[in-house]
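# here is my input, please return the structure:
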Amino acid sequence: MSENDKIIPYLSDDDLDKLIMDIEGKELVQAPAGIERNVISFIEHKKRRKTVEFSKYCLRVGFAVAAAIALVCIVPFIPDPGVSIASREEVVRERNVISRDEFLQGKSIMTREEVLNKRSGALDLEKAESYIQTQMQSLFE
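Residues are numbered from 1 along each chain as shown. All right, here's what the predicted structure looks like:
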């Protein structure tokens, strides 16, 4: 279907007046029997269903609020189960953690200058560079 086929043309004023006169001139059609009763009962049924659903929702919310209030009131009176949580100091005392000085006692510790003098950074870089070059040459051979 093209775009022109989808467009519903509007009636001109003359055609619209003619249609109105034809409809008004004819005898009215009788509505089906019981349609009013059916429509009203359908509307009442919808209203009742909405009311019942809202009542159920209100009951659920009410019970949830009552349960929350009951918990808030009851919890302070529940006896302590006897389980205690140890403090940080108690845990440290139980684990026998040794201090830094005790750990380093008897070990020789080099100073910063001694470490820097022992290992020359330039020498290490030269060794690494030569190692990488030999590995690359062995890959291409």
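
# need the outlier residue of this structure, farthest from its centre.
Going by Cα atoms, centre = their mean, the residue of the chain most distant from its centre is Gly25, 64.2 Å out.

# quick one: distance of stretch 132-141 to the chain centre.
53 Å (Cα atoms, centre = their mean, to the nearest Å).

# and for Ile40, the neighbour number?
For Ile40, the neighbour count with other Cβ atoms under 10 Å is 10. Heads up, the C-betas are built off the backbone N, CA and C, glycines and all.

# what strand or helix carries it?
helix 35-74 (DSSP states H and E).

# next one: Tyr131
Tyr131 belongs to helix 121-140, assigned by DSSP H and E.

# now the helix holding Ile40: how far from the chain's centre is it?
29 Å.

# got a pLDDT number for the residue farthest from the centre of the chain?
Note for Gly25: predicted pLDDT of 82.

# for it, phi and psi?
Dihedral angles phi and psi of Gly25 (degrees, to the nearest 10) take the values phi -80, psi -30.

# any idea how far it is from Lys18?
Separation of Gly25 from Lys18 (Cβ to Cβ, to the nearest Å): 10 Å.
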